[in-house]
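Participant: Predicted model follows, preceded by the sequence.
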Amino acid sequence: MIIVGNWKMFRGPDPHALAGLDAIVCPPFTRLRDCVDAGLTTYAQNVHWDKEGTYTGEISPPMLLELGVTGSLVGHSERRQYFGESDETVGLRTRGALEAGLHVVACVGETIEERRGGKTDAVLRRQLSVLEPHPNLVLAYEPVWAIGTGHTATPEIAQEAHAFIKSLLDAPVLYGGSVKPENAEALLSRPDVDGALVGGASLDVDSFTAICQTAARIRS
Ligand code: PEP
């Protein structure tokens, strides 16, 4: 069971308050060092595919590794929606990061229009087409309509999507989308839900700790 906290563009909690938690944190770039120094497994929220170059605003795999960061999110829907991230660049970022020795959590998921239009499977198939199995690759199914909205996918919807994703690519699949202490147990109990990618609730130490404890209970 893998629990990942995505702090997005929030400063986030004191990393020392999370010491000892079996979880991965993805703070903003300016807090990566604090999290590494506090002994947390720390991933970036994005990563470029090249070692260095004329790419203002980007950060490379060796730069992250040098800091003690061991992985990165790639293709989060907020990158796809607001910053022009394409399937092609998600593939490049994922491959570059994995080849450099980072772990990757690659995010996929459909919008509400795509779900209502019966296009969920086609969208997931297209998003996954740029990815290949790798021992350090984890996927996150994050229906865009459930991210930061309070509208969680039902455990049945999550299970169905996860099983479909695994039929296309052999990797652990995390669920993301308004995961909270109250719904974590039902979601994490589904057989193909291998963990959670937690946004808003990861900013609150008590909520994030409760989700991690639920995951640990289910695993044992
Ligand atoms: C996320 O940031 O990946 C996410 C799922 O956010 P939230 O938990 O706030 O919906």
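Facilitator: Noted; the coordinates are in hand.
Participant: dump the residue contacts of H16.
Facilitator: A38 (CB atoms under 8 Å, 6 or more residues apart in numbering). Just so you know, the C-beta spots here come from the backbone N, C-alpha and C atoms, and that holds for glycine as well.
Participant: switch the cut-off to 10 Å
Facilitator: Shown in contact with H16 (CB atoms under 10 Å, 6 or more residues apart in numbering): D34, C35, D37, A38, G39, L40.
Participant: Filter the residues you listed down to the buried ones.
Facilitator: For the contacts of H16, a burial check counting by 16 or more other CB atoms under 10 Å picks out D34, C35, A38, L40.
Participant: Sort out for me which of the contacts of H16 are in strands.
Facilitator: With strands defined by DSSP state E, no entry of these lies inside them.
Participant: just the residues you listed now: which is nearest L187?
Facilitator: For those, the residue nearest L187 by CB to CB is L40; the value is 23.2 Å.
Participant: Taking the contacts of H16, tell me the two that lie furthest apart.
Facilitator: Taking CB to CB, no two of these sit farther apart than D34 and G39, at 10.9 Å.
Participant: so what sits against both of these two?
Facilitator: P15, H16.
Participant: Name the nearest residue to R190, ignoring sequence neighbours.
Facilitator: Leaving out its chain neighbours, the residue that sits closest to R190 by CB to CB, 6 or more residues apart in numbering is Q159, at 4.1 Å.
Participant: surely the one you found meets V193?
Facilitator: Yes: the criterion here is CB atoms under 10 Å, and Q159 meets it with V193 at 6.7 Å.
Participant: what's the neighbour count on V205?
Facilitator: 14 (other CB atoms under 10 Å).
Participant: which ones are touching E66?
Facilitator: Contacts of E66 by CB under 10 Å, 6+ apart are S60.
Participant: Over to it. Which of the three states is it?
Facilitator: Classification of E66 using DSSP: H, G, I helix; E, B strand; the rest coil returns helix.
Participant: still on that earlier bit, touching both of Q159 and V193, which residues are there?
Facilitator: Contact criterion CB under 10 Å, 6+ apart; residues shared by Q159 and V193: Y175, L187.
Participant: Tell me where the chain has helices.
Facilitator: Taking DSSP state H, the helices of the chain run over residues 32-37, 61-67, 77-82, 87-100, 112-116, 120-128, 155-168, 181-188, 205-219.
Participant: near the ligand at all, the shortest one?
Facilitator: No: judged by CB under 6 Å from any ligand atom, helix 112-116 stays clear of the ligand, getting no closer than 13.9 Å.
Participant: which of Q159 and V193 has more neighbours?
Facilitator: V193 (23 against 18).
Participant: Would you mind measuring from the more buried one to the ligand?
Facilitator: Taking CB to the nearest ligand atom, to the nearest Å as the measure, V193 falls 13 Å from the ligand.
Participant: my read: that residue touches M1, true?
Facilitator: Yes: the pair V193 / M1 is scored as a contact, 8.8 Å apart, by CB under 10 Å.
Participant: For these two, list the residues in contact with both.
Facilitator: Contacts common to V193 and M1, judged by CB under 10 Å, 6+ apart, are P172, L174, I218.
Participant: Name the member of those residues that has the highest neighbour count.
Facilitator: In the shared contacts of V193 and M1, the most neighbours by other CB under 10 Å go to L174, 25 neighbours.
Participant: Check whether that one really touches V138, as I assumed.
Facilitator: Yes: the pair L174 / V138 is scored as a contact, 6.4 Å apart, by CB under 10 Å.
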